[in-house]
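**Student:** got a predicted model here, sequence first, then my questions.
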Amino acid sequence: MEVIAIILASFDILVCLALVLLVVFQEGNDKGMGVIGGGADTFFGKEKGRAIDSKLKKITSFLAIAFATLTIVLYLILSRGF
């Protein structure tokens, strides 16, 4: 069972790193100082950004659920010695 725990721990770390990267890549709700400069977004540029941001949010939600599930399963495996 140690092999399964090592594999799950490795996969958990990979999911964690992917989750952190996705959160960093997401655009915040605040535009900050970009609003003052007028911004270079056109109508189509804004829609494309929203579509990508929507996909990133869905992937982030999926990875967060996967990370939580993997962490709980890994805890149960290591604590009970299955």
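**Tutor:** Looks like it came in fine.
**Student:** list the buried residues in the strand or helix carrying Ala68.
**Tutor:** In the assignment (DSSP states H and E), Ala68 maps to helix 43-80. Neighbour counts using 16 or more other Cβ atoms under 10 Å place 60, 63, 66-67, 70, 74, 77 of helix 43-80 among the buried residues. All C-beta spots, glycine's among them, are computed from the backbone N, C-alpha and C.
**Student:** quick one: mean pLDDT for that helix?
**Tutor:** Mean pLDDT, helix 43-80: 85.
**Student:** same question for stretch 16-30.
**Tutor:** Mean predicted lDDT for stretch 16-30 stands at 86.
**Student:** neighbouring contacts of it?
**Tutor:** Stretch 16-30 is touched from outside by 49, 53, 56-57, 59-60, 63-64, 67, with contacts defined as Cβ atoms under 8 Å, 6 or more residues apart in numbering.
**Student:** same question for stretch 73-82.
**Tutor:** The contact list for stretch 73-82, computed with Cβ under 8 Å, 6+ apart, reads 1, 4-5, 8-9, 12.
**Student:** can you select the buried ones from these in PyMOL?
**Tutor:** One line in PyMOL is enough to select the buried ones among those; burial here means 16+ other Cβ under 10 Å:
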select buried, resi 8+12
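**Student:** for the contacts of stretch 73-82, give me CSV that also has secondary structure.
**Tutor:** Formatted as CSV, those follow (DSSP: H, G, I helix; E, B strand; the rest coil):
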residue, secondary structure
Met1, coil
Ile4, helix
Ala5, helix
Leu8, helix
Ala9, helix
Asp12, helix
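**Student:** a markdown table for the contacts of stretch 73-82, including pLDDT?
**Tutor:** Conversion of the contacts of stretch 73-82 to a markdown table gives the following (pLDDT from 0 to 100):
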| residue | pLDDT |
| --- | --- |
| Met1 | 68 |
| Ile4 | 89 |
| Ala5 | 89 |
| Leu8 | 93 |
| Ala9 | 94 |
| Asp12 | 95 |
